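S.K.: coords below, sequence missing:
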């Protein structure tokens, strides 16, 4: 049975809709397109996707957007209200998982650039499971035969809302064959220093590790925070940091 999210839209959305005269149009979208679960068409769509964009934020609201990919079906649909995706071996930063450990809210965006040229937003609450625990609770999880695509752990998302991303601005693309180096540590195959970040600050490579630990996880923001006298993340400014798992409102569901 189709159901609609009971409380629609954040306070900020509603204020701006009133200010810009879009409240009626927005309400029509909420009523017609926003679900609190995945319907059958959404499930079929998700199972066919080979990539997803993932948005997370830590307890202080510092956000991060990333990308996950795999063969079609890598995003495992447990049911209408739950998704799971595998976390492969990466660069060891664990930015998304670190955020999720502090703040369970996640936003997923599935984009089909090739066939249907449409998108699907899925927002929800995430938890992290080690691979053994996930398989004990969900025995039907696939085992990927490619070593670089073996899950080290899984992110489990309980769906809060799901809705379409309209097609009008999505470019159509053609899928081209490409060998992907799943799980490689080969610096060149991972992209090397494509943007010249390492080359632009060689002094960092010469500094003792204990000094470099003061830098932000993505390399360099910590230094700029010190120069600008900005407060550190994760509660170091003395402000209270919300506990992990503290309930908070979703973008449209609260």
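M.R.: Yes, it's here. Here the structure is a predicted model, which is why all the values come from computation and not from measurement.
S.K.: can you pull out the low-pLDDT segments for the stretch 101-250 of the chain?
M.R.: In the predicted model of the stretch 101-250 of the chain, residues 205-250 satisfy pLDDT under 70.
S.K.: residue ranges for the strands of it, please.
M.R.: 105-112, 118-130, 153-165 (DSSP state E, counting those that start in this stretch).
S.K.: and of the ones you listed, who's closest to residue 188?
M.R.: strand 153-165 (27.3 Å; Cβ to Cβ). The C-beta positions use only the backbone N, C-alpha and C, and glycine is treated the same way.
S.K.: returning to that earlier point: now the strands of the stretch 101-250 of the chain in a markdown table, with distance to residue 88 and mean neighbour count?
M.R.: Converted to a markdown table, those look like this (distance: least, Cβ to Cβ, whole Å; neighbours: other Cβ atoms under 10 Å):
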| stretch | distance to residue 88 | mean neighbour count |
| --- | --- | --- |
| strand 105-112 | 17 | 20 |
| strand 118-130 | 14 | 19 |
| strand 153-165 | 10 | 20 |
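S.K.: mind listing what's buried along stretch 73-93?
M.R.: Across stretch 73-93, burial judged by 16 or more other Cβ atoms under 10 Å covers 74-78, 80, 82-88.
S.K.: which stretch among the strands of the stretch 101-250 of the chain comes nearest residue 194?
M.R.: If you check each of the strands of the stretch 101-250 of the chain against residue 194 by Cβ to Cβ, strand 105-112 wins as the nearest, at 22.7 Å.
S.K.: re earlier: distance to residue 23 for the strands of the stretch 101-250 of the chain - can I get that in a markdown table?
M.R.: Output for the strands of the stretch 101-250 of the chain, formatted as a markdown table (distance: least, Cβ to Cβ, whole Å):
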| stretch | distance to residue 23 |
| --- | --- |
| strand 105-112 | 23 |
| strand 118-130 | 20 |
| strand 153-165 | 17 |
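S.K.: wait, what's in contact with the residue nearest the centre of the chain?
M.R.: Of all residues in the chain, the one closest to the mean position by Cα atoms, centre = their mean is residue 54, 1.9 Å from it. Residues near residue 54 by Cβ atoms under 8 Å, 6 or more residues apart in numbering: 65, 66, 67, 68, 96, 106, 107, 108.
S.K.: my guess is residue 172 meets residue 115, correct?
M.R.: No. Assessed by Cβ atoms under 8 Å, residue 172 is found out of contact with residue 115, at 9.3 Å.
S.K.: how many neighbours does the closest residue to residue 171 other than its chain neighbours have?
M.R.: In this structure, residue 171 finds its nearest non-sequential neighbour in residue 113, 6.5 Å apart by Cβ to Cβ, 6 or more residues apart in numbering. Burial of residue 113 is recorded as 15 neighbouring residues (other Cβ atoms under 10 Å).
S.K.: what do you get for residue 33?
M.R.: Residue 33, neighbours per other Cβ under 10 Å, totals 13.
S.K.: wait, what's in contact with it?
M.R.: By Cβ under 8 Å, 6+ apart, residue 33 lies in contact with 163, 164.
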